[in-house]
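1. The amino acid sequence is not available; the structure is as follows:
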C-alpha cells in the first residue's frame, strides 16, 4: 500500500514540480518553433515571396539589405550579408534540436550498452570496457572532435551528431555500470538466474526497466551536452559545411565584427536560444530528480 | 526517581494522504539507574520515538502530549534549547553506529568538534580511559574511521556518545546487525557504562526480546503506536499478561524447542496501517480473545502486578 | 597507494598512446586523401610548395610500409618534431605552441582554480540558505547552460562596445612588445580581464550547482544525522558535509578539464587571445593541418598531465583511497 | 542429495590475479534426501558463499559439488534449476519492484517448465495454498503490497511449483518480524516431512537452526569447525568456538554469564598460514594448535569437530 502510493506520488510530484513543468513547457515551445519556423518565416518574409524572390526561404540567401536592425520585414534584422537572422535562427534551432536528439540519443545508447554489459558481466570484459571508458574520459573529447571534423571534407548535421554521440558516452557508461552493479546483487536478479533466464533478458527485462527514470535523466543531460558540443564545434568553424546552425551564425558574427559594429540582433538571439534551451533541459532534470528522489521533495 | 516523564505523547507524520499516527498516546517514565527496554516489531513506533527525542524533523510532528525532563517540557523548547539538551542530557548510540562518524575526519577531531559545540574542552585522559573500557587503544584517536573495522567504529561511537555523561542514553537497535558473540560484548560494555555511573539511565530499543532480557530492568512493549504492556523485565517474560506479549513470546524459537517435538506458532494477520488505525484496541483483529468491546473502545490501563501494567479489556486487575 | 597510482598511470600511458596514434591515423585514414588535398591547397604559396611536398613525403613516408610510417611518427614526436606550420611558414609548430603557452597558463590556471574555490563556497552557502538557493542557483544554472564563447561575445559587446571600458582583442596593445615591465604587465592584465571573467563565470555555475547538490546529499548521510542528534549546530554539520562533498568535486575537476579546455579555446577565439585556442582557429581557417595536429597533441597532453595532478591531490585528501590501497585489502 | 567436496572459493580483489579473500576454505559435507542441514556461522564465515556456489551463482575456485551423484557444472541450467532452487535473505529485493508478483511464476513457466497456461497456474495456486497463502492475496499484487513473510512464502511456493528437490534457504527469515518467523520455519519443516524436500538452511541464528534442522554445520572463517547431528552438536559441543557461540546466544531462560577477558579479543588478531584459525581467540589455545591442520575428526557417531585439544582422535 505504502509503495503503491509512492508510485503515484512520483507522478504527482512530477506534475506539481514547477521546475519540471516550466522547463518542459519551454522545451516544447522551442520544438514547436523549430517545426513551425518556416511557416512563421513565410509571414515574416511575405514581402519577398510576393515579389517573387524565390530563395526567400533559403537561410543562406542574401535577400535583404545588409546591416538592417530588426524591423517588421526582418523580425531579427539582417546580418552583414543581408541574410535574414530570424530565418537562420529557426533553421539553426532545427539542427540544434536534431543534434541534441541524435547525438544525445546515441551517447545515451552507447553508454547504456557499455555500462550494462560491463556491470553485468564483470571480470575481464568489465576490466577492458572500463579501461576504454576511463581512457575516453580523460581524452578531451572536444579535441578529438576537432581533429576528426578538421579532416572531414564534407560535414552534415548527421555526421556531426554521430561523432558527438560517439565521444560523449563515457560518463554515462560509468554511471550505468555502477547502477547495474548495485542492481545485479539484488535478489530478483539471482532469482531470475536460478529460473534459467538468459543474461540478455536479465539485463533488459529485469535490470534496465528499474533504471528507466534514471536513463531518462541521463538522456536529458546528454541532449543538452550534445547541443553545447555542437555549437562549440560550429563556432570553431568545423560545423556543417552546408546550411546553417546556431554556432555557425555566431562564428560569422564574430568573424564579421558584429561585436564592434554593435549588431546585437545578430549576436544575442542565437546564443540566448541555446542557453535557454540547455538551461530548460537542466531544469527539467533537477525537477525530475526532485520528483524521483523523495529526500529532495519539498513538503 | 523519574528522570523523564512521557505523558500521552503523540507523534505523527505528515503525508499527502493525511497523518500517519506512528506514536499515538504513549505514556511511560524513565527512572534513574534503570535500563528501560522498548520492544516491538517493525512499524510499532520504536524508531519514531527515538527520532522524536533526538532528531525531530519534517515530516514528523508533535501532535500532543508532553515529555518532561527535569521539570521542563521538552516538546515546548526552541530549537536552540533542544540542541543544548541533546548530548548533555539525552544522548544516543544510533542504529547506524557503524557509520556514524564522518569518514574524512580523524576521530580525535570529531571528538574535539562535538565537544566544542557544547562549550567543552576535551579531556584526553578521560577519552583514553573510556576507549580502554570498550577495548580500543588510544591509537584509534589518530585514525580515520575507514581504518577501523565496523565493530571498532561502533565502539568508538559508543565512547563519543557518552563522553558528557548523559542522564539518558538511547541505544537504538545497536545489536541487530551484530553476530551473536559481538552482541554480547557490546551489551557488556553498555552495562559497564551503567555500573560506572557514566550514564544514569538507558533506553534500549530492539525487536529481540531475548537480548532485551539480558540487559533491561523494565520493558515496554509497543504495538502499532501504542503501549500494550509495561512492567519489570523478569515478570513480563515469565508472566506475560497481554495476548500480544504472550503470542510474541510463544512464537520465539528458543534453544529448548525443536520442530519435531513441539510446534511453535506465529501470530496470524498483520499490524494495521497507521494512516487509518482501527478503532478500539489496535490488536483486536489478531487477538485470540478479542470481544466486541475491543473493536469499539480503546482498552484501559490495568494494573496486573507491582509496577506491571497492561492495556487490555480482557484482563483482570 | 602504489597500486592506485599504478592503475592510474596505466590508464594515462594508454590514453597518451591512443591519442598520438589517433593524431597519426586520422589524416591517413580519412576519406578523400587529405594529403593530396593538402598539397594542392598550397599551390598558392609557390616557394612553400616544394618544401612541403618533400616534407610530406618525408614525414608521412607514404611510400613506406604503414608500420614504418607509424614508428617514424613516434620518432619525430619524441624529437619534438610536430611538423612545420604552413600559416606561419617556415616556423616549426612546436615553437609556435611554446610561444602561446604562457598565455594559456595565465588564463586557465587562475580561472579554473578561482572558479572552483569560489563556486564550491557559493554552492555550500546555497545548500543551507533557502533564499540564496532560490535566487542564486537559477542564475548559476543559466551560467552553466551558456556556451563559453557566447558569453564571451556578450561580455565583449557590453564591456567593450556599449560601455567601452575593456579592450576586446589580443593579449596586449598593438603598440607594445612583450617585456618584463610594469607598463606591459598592467596592459597585459587589462587585456586579460575579460577572457578571464568569461571563463570564471561560466565555470562558476557548474561548481556551485555540483557542490550544492553534493552537500544536500551529504547532509542526509548518517554522520550528519549523528552530529545533529548530539546537538551540533548547523554550522558544524555543514563543515563536515563540505569536507566530504569536496571529494567528488575534485574528481569532477579532473573529468571537466576537457570541457573546460574546449570552452577556453572558443573564448580565446572570441578575444583573439594568442593561446592555443586562437592558434587552433588560425590552423583551421588556413587549413594548416600540422598546426591543428600539434594543437591537438598539446591539448591532450596537458589535460592528461593536469588530470594526473588532480589524481595525486585526491590521494592526499581522501583517507579512504589512501587506506584501501595501502592495506591491499 | 548434495555432496560438497573440498570446496574452496577465493574472491579476487581488484586487479586480476593479485590477492584475494578466502571465503570458503576446503569444505566438505553432505546433505541427504529429506534432511534439513543448518549452516551456522557469523558474518564472514562463508556460509552464504556456499549457498551461492550450490545455486551456481558463482563458480568455485577449487573443489566440486555433486547433485544426485553428478557434478553440478555438468548439468544444463534448465535441468539443474528444475531440481535445485533457492530463497534469499531479503524478501523485498527478491522481487522486481516494477512487476507484479506473478512475474516470478511467469519466468518459471517460460524458462523452466513450459506447461500449458491453465495447468501451470493451477499448480501455482495449489502451491500457494500449501504454504498457507490465499492465491488471491498474491497473484495480481505488487511486491510492496505484501508483507515480508508473505513474500518469502511465495518464494517457497515458487520452488514447489518447479518441483525442486533441493532448496537453499539463505537467511530467509532474518528480515522477518518475530511473530511471523516461526511460520516460515514451520513450512520448511512440513515440506521436508511431507515431500522429502532437502534443505540447506543458512543462518546466523543458532536457535532457529536448533528448532528446525536435523544436522548442523558450524563454520568459522571459511572452514567447518564442528558438525553433526543437531541434538549432539547443541547438547555436547566440542569446539571452543561452538561453545562460545552457544554461550553467547541470548535466551529467555537464562542470563548471560560474564565473558572471560580472553573472549573480548576480537577477530583477526594475527592470521598465520596453517594452524587453527580460531587460535587467536581461543581461551584454551596451546602451542600445538599452531600446527593443527584443521581437519575434522569424529567425536562420537555423527558428530565431528576440528579441534586438536577437544576433538576426537
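-> That came in fine, so what should we check first? Quantities reported herein were computed from a predicted structural model and do not represent experimental measurements. Numbers count the residues shown, from 1 in each chain, chains lettered A, B, ... in the order given.
2. Now residue D:256. Its backbone dihedrals?
-> Phi and psi for residue D:256, reported as degrees, to the nearest 10, are phi -60, psi 150.
3. What's the local residue count around it?
-> 19 (other Cβ atoms under 10 Å in any protein chain shown). C-beta: built from backbone N, CA, C; applies to glycine.
4. Residue A:224 too?
-> 23.
5. Surely it is in contact with residue A:284?
-> No. Look at residue A:224 against residue A:284 with Cβ atoms under 8 Å: they stay out of range, at 9.5 Å.
6. Close to chain C: what parts of the stretch 151-300 of chain B are there?
-> B:157, B:160, B:161 (Cβ under 8 Å from any Cβ of the partner chain).
7. Pick the one among the residues you listed closest to chain D.
-> Closest to chain D out of those is residue B:157 (15.6 Å), distances taken as Cβ to the nearest Cβ.
8. so that closest one makes contact with residue B:92?
-> No. Look at residue B:157 against residue B:92 with Cβ under 8 Å: they stay out of range, at 9.6 Å.
9. Give me the phi and psi for residue C:92.
-> According to degrees, to the nearest 10, residue C:92 has phi -70, psi 140.
10. per-residue pLDDT, the residue nearest to residue C:88 when sequence neighbours are not counted?
-> Nearest residue to residue C:88, sequence neighbours excluded (Cβ to Cβ, 6 or more residues apart in numbering or on different chains): residue C:96, at 6.0 Å. Model confidence at residue C:96, expressed as pLDDT, equals 90.
11. Residue C:96: which element?
-> Taking DSSP states H and E as the definition, residue C:96 sits inside helix C:93-128.
12. Any idea how many residues pack against the residue in chain D positioned nearest to chain A?
-> Sorted by distance to chain A under Cβ to the nearest Cβ, the residues of chain D start with residue D:144, at 2.7 Å. The number of residues packed near residue D:144 is 16, by other Cβ under 10 Å.
13. Quick check: it vs residue A:207, distance?
-> Residue D:144 sits 19 Å away from residue A:207, going by Cβ to Cβ, to the nearest Å.
14. do the same with residue B:13
-> Residue B:13 is 32 Å from residue A:207, by Cβ to Cβ.
15. If you count surrounding residues, which of these two has more?
-> residue A:207 (22 against 18).
16. Who are the contact partners of the closest residue to residue C:308 other than its chain neighbours?
-> Distance criterion Cβ to Cβ, 6+ apart; nearest residue to residue C:308, sequence neighbours excluded, is residue C:12 at 5.8 Å. Applying Cβ atoms under 8 Å, 6 or more residues apart in numbering or on different chains, we find residue C:12 in contact with A:138, C:304, C:307, C:308.
17. nearest spatial neighbour of residue C:115, skipping sequence neighbours?
-> Closest to residue C:115 by Cβ to Cβ, 6+ apart is residue C:203, at 3.9 Å.
18. which SSE is that neighbour in?
-> Following DSSP H and E, one finds residue C:203 within helix C:182-219.
19. contacting residues around the residue nearest to residue C:88?
-> By Cβ under 8 Å, 6+ apart, the residues touching residue C:96 are C:85, C:88, C:279, C:291, C:294.
20. most surrounded residue in those residues?
-> Ranked by neighbour count (other Cβ under 10 Å), the contacts of residue C:96 have residue C:279 at the top, with 29 neighbours.
21. Near chain D, which residues of the stretch 151-300 of chain B are found?
-> So the stretch 151-300 of chain B meets chain D at B:151-152, B:179-185, B:187-188, B:207-211, B:213-214, B:237, B:247-249, B:251-260, B:263-267, B:270 (Cβ under 8 Å from any Cβ).
22. re the thing from before, wait, isn't the residue of chain D closest to chain A in contact with residue D:96?
-> No. Counting by Cβ under 8 Å, residue D:144 sits too far from residue D:96 to count as a contact (11.2 Å).
23. Could you tell me how far the nearest residue to residue B:306 once chain neighbours are set aside is located from chain C?
-> Spatial nearest neighbour of residue B:306, excluding adjacent residues (Cβ to Cβ, 6+ apart): residue B:232 at 7.5 Å. Per Cβ to the nearest Cβ, to the nearest Å, residue B:232 is found 29 Å from chain C.
24. Kindly tell me how buried residue B:127 is, as a neighbour count.
-> If we define neighbours as other Cβ under 10 Å, then residue B:127 has 21 of them.
25. okay but it is in contact with residue B:141, surely?
-> Yes. Residue B:127 is in contact with residue B:141 according to Cβ under 8 Å; the separation is 7.0 Å.
26. so what sits against both of these two?
-> Counting by Cβ under 8 Å, 6+ apart, the residues touching both residue B:127 and residue B:141 are residue B:111.
27. quick revisit: I'd like the residues of the stretch 151-300 of chain B next to chain C laid out as JSON lines, including secondary structure, neighbour count and pLDDT.
-> Written out in JSON lines, the entries for those read as follows (DSSP: H, G, I helix; E, B strand; the rest coil; neighbours: other Cβ atoms under 10 Å in any protein chain shown; pLDDT from 0 to 100):
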{"residue": "B:157", "secondary structure": "helix", "neighbour count": "26", "pLDDT": "96"}
{"residue": "B:160", "secondary structure": "helix", "neighbour count": "24", "pLDDT": "96"}
{"residue": "B:161", "secondary structure": "helix", "neighbour count": "25", "pLDDT": "96"}
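28. circling back to that earlier point, list the buried residues for the helix holding residue C:96?
-> For helix C:93-128, the neighbour count (16 or more other Cβ atoms under 10 Å in any protein chain shown) marks C:93-94, C:96-97, C:100, C:103-104, C:106-108, C:111-112, C:115-116, C:119-120, C:122-128 as buried.
29. follow-up on the earlier one: which elements pack onto the helix holding residue C:203?
-> Helix C:182-219 sits against helix C:93-128, helix C:130-145, helix C:148-156, helix C:234-270, with contacts defined as 3 or more Cβ pairs under 8 Å, 6 or more residues apart in numbering or on different chains; DSSP states H and E.
30. Can you say which of those is nearest to residue B:75?
-> With Cβ to Cβ, the closest approach to residue B:75 among these belongs to helix C:234-270: 21.3 Å.
31. quick check: mean pLDDT across the closest one?
-> Rounded mean pLDDT across helix C:234-270 is 89.
32. contacting residues around the most centrally placed residue in chain C?
-> With distances taken as Cα atoms, centre = their mean, residue C:261 lies nearest the centre of chain C, 2.3 Å away. By Cβ under 8 Å, 6+ apart, the contact set of residue C:261 is A:140, A:142, A:143, C:108, C:299, C:302, C:303.
33. Just put these in TSV and tack on pLDDT, distance to chain D and secondary structure.
-> Listed next are the contacts of residue C:261 as TSV, based on pLDDT from 0 to 100; distance: Cβ to the nearest Cβ, whole Å; DSSP: H, G, I helix; E, B strand; the rest coil:
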residue	pLDDT	distance to chain D	secondary structure
A:140	78	27	coil
A:142	76	31	helix
A:143	79	29	helix
C:108	92	34	helix
C:299	87	30	helix
C:302	87	28	helix
C:303	87	25	helix
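34. Residue B:161 contacts residue B:90, doesn't it?
-> No. Using Cβ under 8 Å, residue B:161 is not in contact with residue B:90; the gap is 10.5 Å.
35. Report the set of residues contacting both of those two.
-> Counting by Cβ under 8 Å, 6+ apart, nothing touches both residue B:161 and residue B:90.
36. number of nearby residues for the residue of the stretch 51-200 of chain D found nearest chain C?
-> Proximity of the stretch 51-200 of chain D to chain C (Cβ to the nearest Cβ) peaks at residue D:61, 18.4 Å away. Residues near residue D:61, counting by other Cβ under 10 Å, number 17.
37. contacting residues around it?
-> Going by Cβ under 8 Å, 6+ apart, residue D:61 touches D:8, D:9, D:10.
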